[in-house]
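Chemist: Quick one, structure for this:
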Amino acid sequence: MNLQNFFAELKRRNVYKVAVAYIVAGWALSQGIAQVFPVFDIPNWAIRLIVLLIIIGLPLALILAWMFELTPQGIKRTETADAMPAATRQKKHVWIYVVVLGGLLSIGLFFLGRYSAATRQSQSSGLPAKSIAVLPFVDMSQGKDQEYFCDGISEEILDTLAKVEGLRVVARTSSFSFKGRSADVTEVATKLNVATVLEGSLRRNGNRIRVSAQLIARDGFHLWSETYDRELQDVFAMQDEITRAIVDALKIKLALAPTIPAAHDTEAHDFYLQGLYFANKSDETSLRRALVCFQHTLDKEPTSARAWIGIAATWSWLADAYVKPLEAYPAVKAAALKAISLDERSADAHCYLGLAVMILDWNFAGNDAELKRALEIEPNSSLAHFMRGLLRASEGDYDEAIAHLRNAEKSDPLSPAISNAVCTVYLRKGLIDEAVAAARRSQQVDPNYIYHDPVMGLIYRETGQYDQALAVYMKAEELTHSPSAGLAITYARMGRKEDSRRVLNHLLEKARTGYVEGNKIASIYVALGENDEAFRWLERAYVEHSGGLYDIAFDPDFAAIRSDPRCADLLHRINFQPAQMLAR
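Modeler: I've put the predicted structure just below:
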């Protein structure tokens, strides 16, 4: 066939017109689904599949245009349509309407997309454009024995990014809550309210490591990815490269790029990562293993400020829960002071020092000063905001307490500890609906999270829903294998004093062989109406420097003894100003 005749035949059979109309209509359709599907949380792969089908459909449309023609009598083969009278043939300008309509639709969807995107952004709880969550790297090693190393590398990158000014980084608790779960990036970014997610994998073979990392936008678009093959001693430079690549990908301008704290001994670094791994567990055995690992780090690298911070943090978790305060908090204070002497700009070290001076010296002002310094160093520190929120709550300043706890939630939105604290403050302020919402949020994050008493049981108890409270406390007892003070108080308020004493006796027996906060046992005696015995245990809490002693000024469990002069005297001895505090 003559080539010139072939192109003329393409024109006669309207193939060109169909091509133009198809491309315009396909573009309009792709624009539409790109804007509409995300509104209904339809995954990105569905959008890509439809766009691929549109592209594949183009040659099919051209073949059909060559073989068939649309006439007023319906679709006819081209040869049949050619034999029809001219009056019954398809109007040649119909395709123009298709192109114009498709073009208008495309333009309309473009501006609709711009408008809806702006609307979604304004409704996304103030989603920061420069925000990131660092997920724990996946262990791809053959022996699957490098979980601690993967977690540690991820946490070190997270901590370094947190020091980048202008970048909001989700805290470890929330990011690592997705560990072992098959959640896609869009779900992670939505729940953590971030624009980007860093994920990766690590394979270790002897002294060689391979790390694959990728930075993914909220919509699933890959912003950056890289694979690194390194010797173990080059791990610090590799982490620094990853951090800088992320900063560059997010187009953040830096006056001075932060770097991973260097370590000269790879074995010391390995011990440090093991310490981090065990310190993030809640049982006493793991916490004590963490202390051993951090000490091994210091044996090989005495100037490691991070290892001293790890020791301070671990002792703070052992305190009150497993160890007497006067055994734990001197270690917290000493480790925090050593860390600050090595790195004054460590926000976490100032947080733990403040906690220690408040418990050991009953020094509210000293704690507040250290937390203030921590926030000067790291304004988005979830730990500093969380601790300052607790401090303000113990002082009865609930509005400021909630403000700090909400700031903590911005960096750590899936922390059950923060949600529990928010719940307690709302309850003391009398905002029951808000307290319930915070408690529900905590349950959704971790249904089995229990620290001291379950907050939902506290809400039920304080609102007189005793049967529901009992159900919550019974479930908690199944998980912890130990009854709580809250259960005994609930029994006492229901008039079931024998059941209350049964729980009390269990805690008294536990106190003979281990440590139980004196103020917890005192709260049960208050519920039973035995105030003298309650003050005896509060005096013991004072001698032992129990951290929970601060709560007696505003905790509803102690409302019945607050008018007793002995309460005012006790508050005075721990540096409360009773008249000023109780007037709030």
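Chemist: so what's the closest residue to residue 134 other than its chain neighbours up against?
Modeler: Nearest residue to residue 134, sequence neighbours excluded (C-beta to C-beta, 6 or more residues apart in numbering): residue 158, at 4.1 Å. Placement of C-beta: from N, CA and C, glycine included. Residues near residue 158 by C-beta atoms under 8 Å, 6 or more residues apart in numbering: 134, 169, 171, 172, 175.
Chemist: Return the item of these having minimum pLDDT.
Modeler: In this model, the minimum pLDDT among those belongs to residue 172 (85).
Chemist: doesn't residue 235 make contact with residue 269?
Modeler: Yes. If you go by C-beta atoms under 8 Å, residue 269 and residue 235 touch, sitting 7.1 Å apart.
Chemist: need the contact list for residue 407.
Modeler: 380, 382, 385.
Chemist: Report how many residues lie close to residue 575.
Modeler: As a burial measure, residue 575 scores 13 neighbours (other C-beta atoms under 10 Å).
Chemist: quick one, phi/psi of the closest residue to it other than its chain neighbours?
Modeler: The spatially closest residue to residue 575, leaving aside those adjacent along the chain, is residue 362, at 4.6 Å (C-beta to C-beta, 6+ apart). The phi/psi pair for residue 362 (degrees, to the nearest 10) reads phi 50, psi 50.
Chemist: what's the least confident helix or strand in the chain, going by average pLDDT?
Modeler: In the chain, no helix or strand scores lower on mean pLDDT, DSSP states H and E than helix 578-582, which sits at a mean of 47.
Chemist: Would you mind giving the contacts of residue 158 as CSV with neighbour count added?
Modeler: Below are the contacts of residue 158 laid out as CSV (neighbours: other C-beta atoms under 10 Å):
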residue, neighbour count
134, 31
169, 24
171, 27
172, 22
175, 25
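Chemist: Closest one of those to residue 572?
Modeler: Proximity of the contacts of residue 158 to residue 572 (C-beta to C-beta) peaks at residue 171, which lies at 37.0 Å.
Chemist: The closest one contacts residue 384, doesn't it?
Modeler: No. With contact defined as C-beta under 8 Å, residue 171 does not reach residue 384; the gap is 11.2 Å.
Chemist: Now do the strands in this structure.
Modeler: 68-71, 74-77, 131-134, 138-139, 168-169, 196-205, 208-217, 222-231 (DSSP state E).
Chemist: now for those strands, which one comes closest to residue 460?
Modeler: strand 131-134 (33.8 Å).
Chemist: count of residues packed around the closest residue to residue 485 other than its chain neighbours?
Modeler: Leaving aside its sequence neighbours, residue 485 sits nearest to residue 520 (C-beta to C-beta, 6+ apart; 4.4 Å). Counted with other C-beta under 10 Å, residues neighbouring residue 520 total 23.
Chemist: From residue 347, how far off is residue 520?
Modeler: 31 Å (C-beta to C-beta, to the nearest Å).
Chemist: what's the answer for residue 503, then?
Modeler: Applying C-beta to C-beta to residue 503 and residue 347 gives a distance of 40 Å.
Chemist: tell me the domain ranges of this protein?
Modeler: Domain assignment of the chain by automatic domain parsing yields the ranges 3-122, 131-262, 264-379.
Chemist: Rebuild the ones you listed as CSV, extending it with distance to residue 410.
Modeler: Formatted as CSV, these follow (distance: least, C-beta to C-beta, whole Å):
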stretch, distance to residue 410
domain 3-122, 17
domain 131-262, 7
domain 264-379, 11
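Chemist: so where do the helices sit in the stretch 151-300 of the chain?
Modeler: Applying DSSP state H, counting those that start in this stretch to the stretch 151-300 of the chain gives helices spanning 172-175, 185-192, 235-249, 266-279, 284-300.
Chemist: out of those helices, nearest to residue 415?
Modeler: Residue 415 lies closest to helix 172-175 among these, at 4.4 Å (C-beta to C-beta).
Chemist: Show me what that closest one packs onto, helices and strands only.
Modeler: strand 131-134, helix 147-162 (3 or more C-beta pairs under 8 Å, 6 or more residues apart in numbering; DSSP states H and E).
Chemist: Just say which of the ones you listed is most tucked in.
Modeler: strand 131-134 (a mean of 26; mean count of other C-beta atoms under 10 Å).
Chemist: What strands flank it, and is each parallel or antiparallel?
Modeler: Using DSSP bridges, the strands paired with strand 131-134 in its sheet are strand 168-169 (parallel), strand 196-205 (parallel).
Chemist: Specify the stretch among those that is closest to residue 425.
Modeler: In terms of C-beta to C-beta, the element of the strands paired with strand 131-134 nearest to residue 425 is strand 168-169, at 23.5 Å.
Chemist: that older thread, possible to save the strands paired with strand 131-134 as CSV with distance to residue 572?
Modeler: Formatted as CSV, the strands paired with strand 131-134 follow (distance: least, C-beta to C-beta, whole Å):
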stretch, distance to residue 572
strand 168-169, 42
strand 196-205, 51
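Chemist: low-confidence ranges in the stretch 101-250 of the chain?
Modeler: Low-confidence segments of the stretch 101-250 of the chain, defined by pLDDT under 70, span residues 101-127.
Chemist: Next: the chain.
Modeler: 1-7, 10-14, 31-45, 66, 68-127, 252-264, 445-452, 577-584.
Chemist: let's see it at 80
Modeler: The model of the chain has pLDDT under 80 over residues 1-22, 24-49, 51, 61-129, 181-183, 251-265, 282, 441-453, 479-483, 577-584.
Chemist: any idea how far residue 183 is from residue 210?
Modeler: Residue 210 is 24 Å from residue 183, by C-beta to C-beta.
Chemist: Who are the contact partners of the residue most central in space within the chain?
Modeler: By C-alpha atoms, centre = their mean, the chain has its centre lying nearest to residue 174, at 2.2 Å. For residue 174, the contact set (C-beta under 8 Å, 6+ apart) comprises 133, 192, 412, 413, 414, 415.
Chemist: quick one on the thing from earlier: quick one, which of the domains of the chain is nearest to residue 460?
Modeler: Counting by C-beta to C-beta, residue 460 lies closest to domain 264-379 out of those; the figure is 23.9 Å.
Chemist: okay but residue 196 is in contact with residue 214, surely?
Modeler: No. Judged on C-beta under 8 Å, residue 196 makes no contact with residue 214 at a distance of 10.4 Å.
Chemist: Who has more neighbours out of the two?
Modeler: residue 196 (23 against 16).
Chemist: Skipping its backbone neighbours, what lies nearest that one in space?
Modeler: Of all residues not flanking residue 196 in the chain, residue 132 sits nearest, at 4.8 Å (C-beta to C-beta, 6+ apart).
Chemist: what's the answer for residue 272, then?
Modeler: Excluding the flanking residues, the one nearest residue 272 by C-beta to C-beta, 6+ apart is residue 297, at 4.5 Å.
Chemist: What of residue 370?
Modeler: residue 354 (3.0 Å).
Chemist: neighbours around that neighbour, how many?
Modeler: Neighbours of residue 354 using other C-beta under 10 Å come to 27.
Chemist: Make residue 1 into 214 and carry on from there
Modeler: New numbering, starting at 214: the last item is residue 567.
Chemist: how far away is it from residue 403?
Modeler: Residue 567 sits 34 Å away from residue 403, going by C-beta to C-beta.
Chemist: got a list of contacts for stretch 758-766?
Modeler: 532-533, 538-539, 542, 572-573, 575, 607, 609, 730-733, 751, 754-755, 771, 775, 780, 783-784, 787, 789, 791, 794-795.
Chemist: Could you tell me how far it lies from the centre of the chain?
Modeler: 29 Å (C-alpha atoms, centre = their mean, to the nearest Å).
Chemist: pull the CA atoms of it into CSV?
Modeler: Extracted in CSV, the C-alpha atoms of stretch 758-766 (Å, rounded to 0.1, in the frame of the first residue of the first chain):
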residue,chain,number,x,y,z
HIS,A,758,10.2,9.5,98.4
SER,A,759,7.4,7.9,96.4
GLY,A,760,6.7,9.9,93.2
GLY,A,761,3.0,9.3,93.5
LEU,A,762,2.9,11.3,96.8
TYR,A,763,2.5,14.5,94.7
ASP,A,764,-1.0,13.3,93.7
ILE,A,765,-2.6,13.6,97.1
ALA,A,766,-3.3,17.3,96.6
